[in-house]
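Asker: After the sequence you'll find the predicted model.
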Amino acid sequence: MEMPYGVWPVLALLSGYLLGSIPFGLILTRLFGAGDIRQIGSGNIGATNVLRTGRKGLAAATLILDALKGVLAVIVAARFGVGYELLGAIGAFYGHLFPIWLGFKGGKGVATMLGICWALDWRVGLAYTLCWLVGMGVTRISSVGGMGAALSAPVVAALLGQHRLALAMLLLALTVLLMHRDNIRRLLAGTEPRIGSKS
């Protein structure tokens with residue numbers, strides 16, 4: 001029996017969510033004996049907090065895998081129909097932020113958004129990567145690089161005439177800012193930790 005048309009966008013969104021909700025930071029730190037990442041530093045499951053364990057390799061692996069799940073979500077969603085890539089991307093992003101397996105307490109979405117940008121338009125992905133690297137390189141503050149990169153995505157997409165993509169990236173970028181609200185407060189207070197800090 002043929003599935004109703006409305007099922008496919010739901011499947012695209014759901015598949016993205018399930019892929020995005022895989023907590024690679026937690027899995028890797030437990031697998032390699034670094035403890036429960038939720039009990040370290042900020043309690044976040046992302047690469048920046050994994051770095052606070054002192055395990056640079058695990059942090060790099062977390063970043064790569066969190067980005068790749070964004071890429072894979074876009075690829076899988078495209079199989080459900082033309083134009084469903086954005087649904088898979090949105091699902092993956094919010095799956096990373098609110099994973100069902102961890103009581104809906106996940107990461108902040110910067111690495112997953114990186115993978116999403118590369119999968120949807122390499123030019124947006126390149127701009128995102130450069131802004132992230134420059135922001136971190138200049139300030140040595142991860143949150144500055146991540147928020148700057150997220151804000152670059154809708155701007156670049158709009159300049160390229162990709163209006164649907166720009167709107168989707170704007171939603172994700174605003175969410176990244178919301179997830180970094182404590183970081184923003186610390187930045188304003190001058191107490192935001194720099195890369196490599198264990199606090």
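Answerer: Thanks, I have it.
Asker: Helices along this protein, start to end?
Answerer: 7-20, 24-31, 47-51, 56-78, 85-97, 110-120, 122-139, 142-159, 163-179, 181-189 (DSSP state H).
Asker: show me what contacts Gly35?
Answerer: Counting by Cβ atoms under 8 Å, 6 or more residues apart in numbering, Gly35 touches Thr29, Thr53. Just so you know, the C-beta spots here come from the backbone N, C-alpha and C atoms, and that holds for glycine as well.
Asker: low-confidence ranges in the chain?
Answerer: The model of the chain has pLDDT under 70 over residues 1-5, 196-199.
Asker: And for Gly190, the neighbour number?
Answerer: Neighbourhood size, Gly190 [other Cβ atoms under 10 Å]: 6.
Asker: Quick check: the gap between Thr53 and Val124.
Answerer: 31 Å (Cβ to Cβ, to the nearest Å).
Asker: Who has more neighbours out of these two?
Answerer: Neighbours were counted for Thr53 and for Val124 using other Cβ under 10 Å; Val124 has more, 25 against 20.
Asker: any idea how far Leu11 is from the closest residue to the more buried one other than its chain neighbours?
Answerer: Closest residue to Val124 in three dimensions, ignoring its sequence neighbours and counting by Cβ to Cβ, 6 or more residues apart in numbering: Cys117, at 4.6 Å. With distances taken as Cβ to Cβ, Cys117 is found 23 Å from Leu11.
Asker: Which one of those two is surrounded by more residues?
Answerer: Set Cys117 next to Leu11 and count neighbours by other Cβ under 10 Å: Cys117 wins out with 31 against 20.
Asker: Report the contact partners of that one.
Answerer: Taking Cβ under 8 Å, 6+ apart, we find Cys117 in contact with Val124, Gly125, Ala127, Tyr128, Ala153, Met169.
Asker: please redo it, this time with the cut-off set to 10 Å
Answerer: 67, 70-71, 74, 89, 123-129, 149-150, 152-153, 156-157, 165, 169, 172 (Cβ atoms under 10 Å, 6 or more residues apart in numbering).
Asker: repeat for Ala173
Answerer: Per Cβ under 10 Å, 6+ apart, neighbours of Ala173: Gly109, Met113, Met147, Ala149, Ala150, Leu151, Ser152, Ala153, Pro154, Val155, Ala166.
Asker: Neighbour count and distance to Gly20 for those - can I get that in JSON lines?
Answerer: Below are the contacts of Ala173 laid out as JSON lines (neighbours: other Cβ atoms under 10 Å; distance: Cβ to Cβ, whole Å):
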{"residue": "Gly109", "neighbour count": "28", "distance to Gly20": "9"}
{"residue": "Met113", "neighbour count": "29", "distance to Gly20": "10"}
{"residue": "Met147", "neighbour count": "24", "distance to Gly20": "19"}
{"residue": "Ala149", "neighbour count": "25", "distance to Gly20": "18"}
{"residue": "Ala150", "neighbour count": "28", "distance to Gly20": "16"}
{"residue": "Leu151", "neighbour count": "19", "distance to Gly20": "21"}
{"residue": "Ser152", "neighbour count": "22", "distance to Gly20": "21"}
{"residue": "Ala153", "neighbour count": "28", "distance to Gly20": "17"}
{"residue": "Pro154", "neighbour count": "21", "distance to Gly20": "19"}
{"residue": "Val155", "neighbour count": "16", "distance to Gly20": "24"}
{"residue": "Ala166", "neighbour count": "20", "distance to Gly20": "21"}
